[in-house]
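Asker: 3D, please:
(one chain, ligands or ions: 1)
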Amino acid sequence: MSSQSQYGGDSNMQSKQAASSSEKHVEKASTPGRRAEKKLRAGVLGATGIVGQRLVSLLAGHPWFELTEVAASERSSGKTYAEAVSWHLDAPIPRSARNLVVKGLDPSLDCDFVLSALDSSVAGSAEEDFARAGYPVVSNSRNHRMDPDVPLLIPEVNAAHLDAIPRQQKNHGYDTGFIVTNPNCSTASLVLVLKPLADAFGLEKIFVVTLQAISGAGYPGVPAMDIQGNVIPFISGEEEKMELEPQKLLGKWDGSRFVDAGIGLSAHCNRVPVVDGHLECLSVGLKKIASLHEVREALRNFEIGAELASLPTALKNPVVVLDDENRPQPRRDANAGNGMAAVVGRVRECPLLDVKLTLLAHNLVRGAAGAAFLNAELLAARGFLKRRSAVREQNLAEPVSR
Ligand code: NAP
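Answerer: Numbers count the residues shown, from 1 in each chain. Below you'll find the model as predicted:
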């Protein structure tokens, strides 16, 4: 069977950057409805980094959003984007981005919202500054993921967590601004696969071992001398994130706080000499007894609802199950569904827990830039993103007390 016919779904937005031409998939989520005529203007913070480049490149073809600002460190600011960036994608720098002048992190950008791919050393305070200045912030960084009023979001898993935004705005005195984050790259695909299993059978215990690509470390990342022909059994902070973030993602927003899912979870994280695509070997203990057939079907039949299906980056079936015994593989499967699918294979019995399987996703797409897009699209669909000029006009129209 060809790799093309093995994948079931495709995103609405056919990203040429994310998928090779041989990976055009067949089944689309429903066509997005007509949006407002003018696109929402996006700024990218950390636009010169490896995730920022993906954001810039995906914005070039986006039907709802357009890139108007790029920002990065003092090393880059003042240069044109083409001068500042060390470009890593196969497709060239989009024309719309090449001549944009890179700005610093002053929260006065000409855009309606920001996508943040800032290094975590600066993301925490910079994202708060932007939220305070009225910008919705859609972040990839770890800094605010576990904040008690910040949604850690995977739309297919916990869209209801967006209800926390008004509480966040009240707590911090934000007006139109707020922060929404996507999870750590390994957590994103893990939880996407766990969600249908949680819904169908309940989850008791998870044991997961990762084999993570070098692009997960940013650029220039892990030195070639360390990773070539080698495996590094330590990624700083990664196991802690993988053990904590799923609890929030699979938990609930109860109207005033996030309640953890309370799942037993142990993670081992390793860096391997693969460019893109994090592979994970997963063992799961289920609350209800399930056959392997039922587990495969629960994963295969995981389908998004109508609201999510209208989002350009969404896949109708975000989990793809392969039957070949030697799949998924990073080189062959990381771009499935334009990089937005979690690809599962080797579903089999686990002698310690109940079921074991292998999963894979593109760490820079499903684990970062694509995840941020899906979050921004859901925010736009729910009316959380507005044109800033409209917001200003609305404020000016407020009656002035005499
Ligand atoms: P990266 O390649 O190292 O890029 C970091 C970006 O942050 C660059 O644009 C850099 O600008 C900017 N930056 C660094 N220091 C700065 C400062 N003092 N002031 C302003 N900007 C500064 O990292 P990355 O892999 O793209 O990751 C970006 C974020 O996404 C990180 O928080 C990371 O944890 C998270 N993330 C990464 C992945 C992944 O697979 N790589 C997945 C999920 C989440 P200059 O070019 O000007 O230095």
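
Asker: how about the residue of the stretch 1-150 of the chain found nearest the ligand, what does it touch?
Answerer: Per C-beta to the nearest ligand atom, residue 49 is where the stretch 1-150 of the chain lies closest to the ligand, at 2.0 Å. (Glycine included, C-beta is placed from N, CA and C.) Applying C-beta atoms under 8 Å, 6 or more residues apart in numbering to residue 49 gives the contacts 72, 117, 118, 119, 218, 219.

Asker: give me the subset of these touching the ligand.
Answerer: Under the cut-off given by C-beta under 6 Å from any ligand atom, the ligand has 72, 117, 118, 119, 218, 219 from the contacts of residue 49 close to it.

Asker: now the buried members of those residues.
Answerer: Among those, those classed as buried by 16 or more other C-beta atoms under 10 Å are 72, 117, 118, 218.

Asker: okay, these in a markdown table with distance to residue 284, pLDDT and secondary structure next?
Answerer: Shown next, in a markdown table, are those (distance: C-beta to C-beta, whole Å; pLDDT from 0 to 100; DSSP: H, G, I helix; E, B strand; the rest coil):
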| residue | distance to residue 284 | pLDDT | secondary structure |
| --- | --- | --- | --- |
| 72 | 40 | 98 | coil |
| 117 | 31 | 98 | coil |
| 118 | 34 | 98 | coil |
| 218 | 30 | 91 | coil |
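
Asker: rebuild those residues as a markdown table, extending it with distance to residue 246.
Answerer: Formatted as a markdown table, those follow (distance: C-beta to C-beta, whole Å):
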| residue | distance to residue 246 |
| --- | --- |
| 72 | 31 |
| 117 | 22 |
| 118 | 24 |
| 218 | 23 |
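
Asker: closest one of these to residue 366?
Answerer: Lowest distance from residue 366 to those (C-beta to C-beta) belongs to residue 117, with 14.8 Å.

Asker: let me see the contact set for that closest one.
Answerer: The contact partners of residue 117, by C-beta under 8 Å, 6+ apart, come to 44-47, 49, 51-52, 55, 140-141, 368-369, 372.

Asker: of all of the stretch 151-300 of the chain, which residue lies closest to the ligand?
Answerer: residue 218 (2.9 Å).

Asker: dump the residue contacts of that residue.
Answerer: Neighbouring residues of residue 218 by C-beta under 8 Å, 6+ apart: 49, 50, 51, 119.

Asker: tell me which parts of the protein are close to the ligand?
Answerer: Checking the chain against the ligand by C-beta under 6 Å from any ligand atom, the hits are 46-52, 72-73, 75-76, 105, 117-120, 122-123, 140-142, 185, 215-216, 218-219, 363-364, 367-368.
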